[in-house]
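> Give me a model of this one.
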Amino acid sequence: MQSRLLIQVLLLFWASLLLSNASTLAKMGRVADDGFPRLTAERTEPAKSYPISLTNLRVATTRESAQRFIEFRGEFAYPPGNTVLRYGYLGPDGEPADYKVVAHQPAYGALGIILGTIVPVKTYVGSYPWDDVVPAMSSYRVNVTEEQYQKFINYVETYHETHKTFYLYTDNCVKFGQGAARVIGLKAPDDTLLIPPVYVNMLRIMNEGNRTTAQ
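Sure, this is the predicted structure:
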């Protein structure tokens, strides 16, 4: 009970800072109905599709023999962070070339995070708009077989269809990442109340033999 109260107090404090710095957000771009900032013309990469959805979930590639990968990322766009999954194909240099990003997150951005500590709120399982502007505090990437890759895709599609709410204590982004790890045969920590960067580090430690890259 005390830990829940502490989380709520910290999130309320962070939200007050966010609101008091509205001018800074305005410089980044406008805030849309789902609570996520839209980056403006300073952006150098093509904009991701909005609103968040599973549109074009499957990564297109002309390299049928390209190595597939899944990367677990602990990012910190806002407290308490987010477990973000990149998935796709590696290029000739062994680095991600064609990939997409998926996460389980509450609607309404920061407000959704705060409300989600009290009651279940509407959720999205789909693209993650912060991924290209927020560096990962921890990451763990594994190369996977075609069979593992398809199991992952099926898992995300099923999760999208069956999970309609976000609740920080029972149905959060870490639980989403936990399921993704286990469906492709990785060991995953049981505690889904760990902050995402810590959870991803523990995931890496538990699966050292499968490690291809980590931070």
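
> for the strand or helix carrying residue 104, which positions count as buried?
Using DSSP states H and E, residue 104 sits in strand 96-106. Residues of strand 96-106 classed as buried: 96-97, 99-106 (neighbour count, 16 or more other CB atoms under 10 Å). (C-beta placed from N, C-alpha, C; glycine too.)

> What number of residues are in the vicinity of residue 172?
Around residue 172 there are 24 other residues, counting by other CB atoms under 10 Å.

> Only alpha carbons, please: show the strand holding residue 104 as PDB.
Taking C-alpha atoms only, strand 96-106 is exported to PDB below (Å, rounded to 0.1, in the frame of the first residue of the first chain):
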ATOM      1  CA  PRO A  96      18.900  -3.300 -37.300                       C
ATOM      2  CA  ALA A  97      17.900  -2.100 -40.800                       C
ATOM      3  CA  ASP A  98      14.100  -2.700 -41.200                       C
ATOM      4  CA  TYR A  99      12.300  -2.600 -37.900                       C
ATOM      5  CA  LYS A 100       9.200  -1.500 -36.200                       C
ATOM      6  CA  VAL A 101       8.400  -0.600 -32.600                       C
ATOM      7  CA  VAL A 102       5.600  -1.800 -30.300                       C
ATOM      8  CA  ALA A 103       4.600  -1.100 -26.700                       C
ATOM      9  CA  HIS A 104       1.800  -1.500 -24.300                       C
ATOM     10  CA  GLN A 105       0.900   2.000 -22.900                       C
ATOM     11  CA  PRO A 106      -2.100   3.800 -21.500                       C
END
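
> Could I get the buried residue list for the helix or strand that that strand is followed by?
Once the chain leaves strand 96-106, the next helix or strand it forms, by DSSP H and E, is helix 109-115. Buried residues in helix 109-115, defined by neighbour count with 16+ other CB under 10 Å: 109-110, 112-115.

> try stretch 142-154
142, 144, 148-149, 151-153.

> what about dumping the CA coordinates of it to PDB?
What follows is stretch 142-154 as a C-alpha-only set of coordinates in PDB (Å, rounded to 0.1, in the frame of the first residue of the first chain):
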ATOM      1  CA  VAL A 142      18.400 -11.400 -29.600                       C
ATOM      2  CA  ASN A 143      18.500 -13.000 -33.100                       C
ATOM      3  CA  VAL A 144      15.500 -15.200 -33.600                       C
ATOM      4  CA  THR A 145      14.400 -17.900 -36.000                       C
ATOM      5  CA  GLU A 146      11.500 -17.500 -38.400                       C
ATOM      6  CA  GLU A 147       9.400 -19.700 -36.000                       C
ATOM      7  CA  GLN A 148      10.200 -17.600 -33.000                       C
ATOM      8  CA  TYR A 149       9.600 -14.400 -35.000                       C
ATOM      9  CA  GLN A 150       6.100 -15.600 -36.000                       C
ATOM     10  CA  LYS A 151       5.300 -16.600 -32.500                       C
ATOM     11  CA  PHE A 152       6.200 -13.100 -31.400                       C
ATOM     12  CA  ILE A 153       4.000 -11.500 -34.100                       C
ATOM     13  CA  ASN A 154       1.100 -13.700 -33.100                       C
END
